[in-house]
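In: Structure of the sequence below:
(one chain, ligands or ions: 2)
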Amino acid sequence: MKIRQSFLSALAVCLLFSCSEKPRTEAPEEKPNVLIIYTDDVGYGDLSIYGGKILTPNIDKLATDGLLFTNAYATAATCTPSRYSLLTGEYAWRAKGRGVAAGDASALIRPGVETLPSVMQRAGYRTAVIGKWHLGLGGDEGPDWNGELNPGPLEIGFDYSFIIPATGDRVPTVFVEDHHIVGLDLADPIEVNYREKIRDGPTGKDNPELLKMMWSHGHNHSIVNGVSRIGYQRGGEAAMWRDEDFAQTFVDKASAFIDEESDKPFFMYFSTHDIHVPRIAHERFQGATDFGPRGDVIVQLDWQVGELMKLLKEKGFEENTIVIFSSDNGPVLDDGYVDQARELIADHKQTGELSGGKYSALEAGTRVPFIVKWPASVKAGSTSEVMFSQVDLLGSFAGKMGVEFNAKQAIDTENHWGVLIGESSEGRYSLVQEALFSNLAYLRSDGMKLIPANEGPEMVPWGPIISTGFAKEDQLFDIKSDPKETQDLSGDKPDVLSEMKKELEAIVKK
Ligand code: NG6
Ligand code: CA
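Out: Ligands and ions are numbered 1, 2, ... in the order given. So this is what the prediction gives:
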């Protein structure tokens, strides 16, 4: 309608002044849609475009059509703090209680806090979160599962929300749409307990004969869909999910949201369950690779990306949609279920050439795949070695959209729009990496990395065989010449060490 009106008025002006040339003012640039595909536990080496042996053609195509980063970082080596930082522009470790959230945690991001989706709302976008949440729901008293789950995503900038409340391996095993559990029959209310077993329901510990995938550590409480979880639950039978249907369900919800009639562009935070545990792909992907369930869910993840790209194409949105693909933390093989991930890994290197993995202060903990595709502006097939942190998405989008944000709250975000779209090589000076038990590491763009002395264990203390990178003395690495972090330079470069300790201290005190 608007286009028609302006066309008619332009025509009227032309008739009046007998125009022979096009009007000189160009139409204002149309705002791009934004789709962030945020994956779970996908490692630096897990995708074929980064050297992985499991083929991911749809994800690889994002890179051949766009920009592939080799030095992009999640802020933490676990989920909740990385997501917290991505959405708020603030490092999660600045306050206690932002580590891996329990399945019955209260909302970690409260109404009034600055967020990326609220920046986008103010920029004129309609916003959605679809997929894994893991940032808590409800007020101080915790989530009211049988009532209204408020505050949640809708109170912090999302217009629509369809989520797994915490993780696939934690109860309650239900989807939440906006403020309510989907399909809950109030005659059969749901009960959730993280402290003790609820009456006599079967558990993975006592009833392993009921399991289709055995647990290896933790994960031996309530059984749902043949899989035992962390935490106990009872009731709510009609609302229980089937793990096999996660991927299709999320694609369908994304499709419905994108399809909605609107004159606003969209911002979607599409947060996959894949490739977190339990790794239970849809039947059509089971056995798709020789790598067992972990390989199958990588193929399923790639399928989801392909479906989303098809959707954009069908709607005519392909050209002017910014697609950002990344991961919340590094990879892990055995994360609590017996799924042969370790036994079948063969020559696939989930961390690429890096050391560590999920939970670790070493590079594979937080250096993650990061791809930006935007055909309208980003050069196809380009790569960037510039350091980029997910905490900068808020500042970068706010800058691009010309929206003010609360810099007193989002204190760690910086505007690196030029880096994000491959037009600048001026990135951040440094970033902080959060590992297990909130231990920090500090990385500078010159490649120097400090892991301050801490009391943490050298290895992740439960199932996964992953070095934390922790030591009782300060360590200094040059990750440009030594990406595996094998040579501690703290003795050789005491000046750099003390300089970096001061820099980190200043950031922590900020
Ligand atoms: C750990 C779980 C692990 C995973 C992780 C969170 C145990 C022993 N381990 O506590 O399986 O759920 O939390 O992963 O229970 S994350 O990617 O969401 O951070
Ligand atoms: Ca994760």
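
In: So which bits of stretch 403-416 are buried?
Out: Phe405, Asn406, Ala410, Ile411, Asp412, Thr413, Glu414, Asn415, His416 (16 or more other Cβ atoms under 10 Å). C-beta here means a position set from N, CA and C on the backbone, and glycine is covered the same way.

In: now, which of those sits nearest ligand 2?
Out: Ranked by distance to ligand 2 (Cβ to the ion), the buried residues of stretch 403-416 are led by Asp412 at 20.0 Å.

In: Which residues are in contact with the closest one?
Out: By Cβ atoms under 8 Å, 6 or more residues apart in numbering, Asp412 lies in contact with Ser85, Gly89, Glu90, Tyr91, Val391, Lys510.

In: Also Ser382?
Out: Shown in contact with Ser382 (Cβ under 8 Å, 6+ apart): Gly66, Leu67, Leu68, Gly422.

In: How about the first one: what's its closest non-neighbour residue?
Out: If you skip the residues right next to it in sequence, Gly66 has Lys373 as its closest partner in space, 3.1 Å away by Cβ to Cβ, 6 or more residues apart in numbering.

In: Now for the one you found: which residues touch it?
Out: Leu62, Ala63, Asp65, Gly66, Leu67, Ile322, Val323, Phe325.

In: Quick check: the farthest pair among the residues you listed?
Out: For the contacts of Lys373, the maximum inter-member distance is 14.3 Å, found between Ala63 and Ile322 (Cβ to Cβ).

In: gap between Asn220 and Val338?
Out: Between Asn220 and Val338 the computed distance is 12 Å (Cβ to Cβ, to the nearest Å).

In: Give me the more crowded residue out of those two.
Out: Asn220 (20 against 15; other Cβ atoms under 10 Å).

In: What is the end-to-end distance of stretch 458-474?
Out: 13 Å (Cα to Cα, to the nearest Å).

In: typed the wrong thing, it's stretch 189-199
Out: 15 Å.

In: distance between it and the chain's centre?
Out: Taking Cα atoms, centre = their mean, to the nearest Å, one finds the center of stretch 189-199 at 29 Å from the center of the full chain.

In: Equivalent analysis for stretch 45-57, please.
Out: On Cα atoms, centre = their mean, the centre of stretch 45-57 falls 18 Å from that of its chain.

In: Give the buried residues for it.
Out: Gly45, Asp46, Leu47, Ser48, Ile49, Tyr50, Gly52, Lys53, Ile54, Leu55, Thr56.

In: Quick one: end-to-end distance for that stretch.
Out: Stretch 45-57 end-to-end distance (Cα to Cα) = 15 Å.

In: can it be found next to ligand 2?
Out: No - counting by Cβ under 5 Å from the ion, ligand 2 has no neighbours in stretch 45-57; the shortest distance is 12.5 Å.

In: Pull the residues that contact that stretch.
Out: Residues from elsewhere that reach stretch 45-57 (Cβ under 8 Å, 6+ apart): 44, 59-60, 63-64, 68, 275, 289, 291, 295, 298-299, 301-302, 305-306, 331, 346-354, 369, 371.

In: OK, contacts around the closest residue to Trp215 other than its chain neighbours?
Out: Closest residue to Trp215 apart from its sequence neighbours, by Cβ to Cβ, 6+ apart: Gly204 at 5.0 Å. Going by Cβ under 8 Å, 6+ apart, Gly204 touches Leu211, Met214, Trp215, His219, Asn220, His221, Ile223, Val227, Ser228, Arg229.

In: In this protein, what residue lies closest to ligand 2?
Out: Closest residue of the chain to ligand 2, Cβ to the ion: Cys79 (3.5 Å).

In: Isn't that residue up against Asp328?
Out: Yes - under the criterion of Cβ atoms under 8 Å, Cys79 makes contact with Asp328 at 4.9 Å.

In: Looking at the two, which has the bigger crowd around it?
Out: Asp328 (30 against 27).

In: Tell me how far the helix or strand hosting Thr127 lies from the chain's centre.
Out: Here Thr127 sits within strand 126-132, counting by DSSP states H and E. Counting by Cα atoms, centre = their mean, strand 126-132 is centred 12 Å from the centre of its parent chain.
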